[in-house]
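1. would you be able to build a 3D model of this:
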Amino acid sequence: MAVETLTFGCRLNTVESEVMRGHAAAGAASADLVIVNTCAVTAEAGRQARKAIRKLARERPGAEIVVTGCGAQVETGAYAAMPEVARLVGNDAKGRAETWSRPVRPEARNAVDDIMTVRHATPTRIAGIAGHTRAFVPVQNGCDHRCTFCIIPFGRGNSRSLPVSDVVDQVARIVEAGGHEVVLTGVDLTAYGRDLDATPSLGYLIQTLLGQVPGLARLRLSSIDSIEADAALMAAIAGEARLMPHFHLSLQAGDDLILKRMKRRHARTDAIRFCNTVRALRPGAVFGADLIAGFPTETEAQFARSLDLVAECGLTHLHVFPYSARPGTPAARMPPVPGDVIRDRAARLRAAGDAALAAHLAGEVGRTRRVLTERGGLGRTDAFTPVRLPSGTPPGIFADVTIVGHDGRALIAAETDRSRPVD
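-> Next comes the predicted model:
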């Protein structure tokens, strides 16, 4: 049976698509199945998904198109009304093997349940994703916060975590299968463990994981909320060399009033203090961040404080999001910033990010770095900086390379250094 997945949105969706592909391939489903895993973070994300579904139906009229993900969860009616869609599957059911093996009754075309009633996380139990050097391991799902711009808690449900033993077991299997690098992911990763009986923190999970899986070479974290960083996490940052020194922060803005209107839990000074503390604990740490340009009511002076935050936090990798109103969120009812102003501010933030990245890359020239090689002639340093490697370098190995330049986006390794594999 042919099973294809079309994935929109976050890394968590990418992992879940691989899980669904495996379940569907093993089940007795359609001979030509396309699973569309949707995103709902913006209205545009939904528009793009529906456009892709219509195109799929035109190009493959015999395919069974199944729609799942956050879009299916929060915009059920819009997808259910599409004649191209054979059935809908909710975010909770999509990870279960039985969802993809049972015959579908006509009355069960819409299998989107109430995600807010779900209380337990489901382990993915996959060893990796085809074509990816690093393995993503979801350890947490859902979110208990209610940021005014975000619909995702209603697509993912309340925060729920995998038990520590399940995470250790999955990472151990990844290492046994030859994996070198694991990324812990979640919707609100730093909320990990609060729903579990012993309330283990993210820092405790990291320390336990690295202690019990000594063969894991690299551990990374996906986006974290710095205000939720616990003492154990800070201790791991300081003392665990296998926890990589690249931290992506969910900052969103640099002005306190805008942060308050976003219903974020940190202030500007909290973000700066966190970055300074981490650098003191782990010299050479590199930071990325999510920033929103043109949030409703944002003035030019307030935007300037977000722009200044790039330098004050020492951010290197920026994910810039021009604000897009998401129907159903409180922010969508706030006085908007004109679209041309939003686009201009996003461009200025990206320019600041490009300059910060270029400065970081220039500072790496002349150094020798260990990289984990990937397909396509790329590798990543400990700090997640991309490196263009000498031709012929195989993927999936560690290599010591000398940096001789950069192209503004990635470092360039010396052709004369044949990326000697290292233990």
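
2. just the helices in this structure please.
-> With DSSP state H, the ranges of helices along the chain come out as 11-26, 43-59, 70-74, 76-80, 152-156, 164-176, 202-212, 231-239, 256-262, 268-281, 300-313, 339-364.

3. would you single out the least confident of the ones you listed?
-> Ranked by mean pLDDT, these end with helix 11-26 in last place, scoring a mean of 87.

4. which helices and strands sit right next to that one?
-> strand 2-7, strand 32-38, strand 64-69, strand 135-138, strand 181-185 (3 or more CB pairs under 8 Å, 6 or more residues apart in numbering; DSSP states H and E). For glycine as for every other residue, the C-beta is placed from the backbone atoms N, C-alpha and C.

5. what would the helices of the chain look like in CSV with mean neighbour count?
-> Output for the helices of the chain, formatted as CSV (neighbours: other CB atoms under 10 Å):
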stretch, mean neighbour count
helix 11-26, 20
helix 43-59, 16
helix 70-74, 28
helix 76-80, 15
helix 152-156, 23
helix 164-176, 18
helix 202-212, 20
helix 231-239, 17
helix 256-262, 18
helix 268-281, 17
helix 300-313, 18
helix 339-364, 16
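
6. among those, which is nearest residue 394?
-> Smallest distance to residue 394 across the helices of the chain (CB to CB): 19.5 Å, for helix 164-176.

7. what would the helices and strands packed on helix 11-26 look like in JSON lines with distance to residue 344, mean neighbour count and mean pLDDT?
-> Below are the helices and strands packed on helix 11-26 laid out as JSON lines (distance: least, CB to CB, whole Å; neighbours: other CB atoms under 10 Å; pLDDT from 0 to 100):
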{"stretch": "strand 2-7", "distance to residue 344": "31", "mean neighbour count": "17", "mean pLDDT": "87"}
{"stretch": "strand 32-38", "distance to residue 344": "30", "mean neighbour count": "23", "mean pLDDT": "93"}
{"stretch": "strand 64-69", "distance to residue 344": "32", "mean neighbour count": "26", "mean pLDDT": "94"}
{"stretch": "strand 135-138", "distance to residue 344": "35", "mean neighbour count": "24", "mean pLDDT": "93"}
{"stretch": "strand 181-185", "distance to residue 344": "33", "mean neighbour count": "22", "mean pLDDT": "96"}
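
8. let me have the helices of the chain in TSV, adding distance to residue 291 as columns.
-> Converted to TSV, those look like this (distance: least, CB to CB, whole Å):
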stretch	distance to residue 291
helix 11-26	19
helix 43-59	18
helix 70-74	22
helix 76-80	29
helix 152-156	17
helix 164-176	30
helix 202-212	23
helix 231-239	22
helix 256-262	11
helix 268-281	11
helix 300-313	6
helix 339-364	6
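
9. those: which one's closest to residue 323?
-> Nearest to residue 323, of the helices of the chain and by CB to CB, is helix 339-364 at 5.7 Å.

10. related to what we said a few turns ago, right, and the helices and strands packed on helix 11-26 - which one's nearest residue 339?
-> Using CB to CB, the nearest of the helices and strands packed on helix 11-26 to residue 339 is strand 32-38, at 24.5 Å.

11. and the angle from that closest one to strand 2-7?
-> 10 degrees (axes from the mean of the first three to the mean of the last three CA atoms, to 10 degrees).

12. and the angle for strand 32-38 with strand 64-69?
-> 20 degrees.

13. which strands or helices does strand 32-38 pack on?
-> strand 2-7, helix 11-26, helix 43-59, strand 64-69, helix 70-74.

14. give me the sheet partners of that strand and which way each runs.
-> strand 2-7 (parallel), strand 64-69 (parallel) (DSSP bridges).

15. make CSV from those strands and add distance to residue 85 to it.
-> Below are the strands paired with strand 32-38 laid out as CSV (distance: least, CB to CB, whole Å):
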stretch, distance to residue 85
strand 2-7, 13
strand 64-69, 5
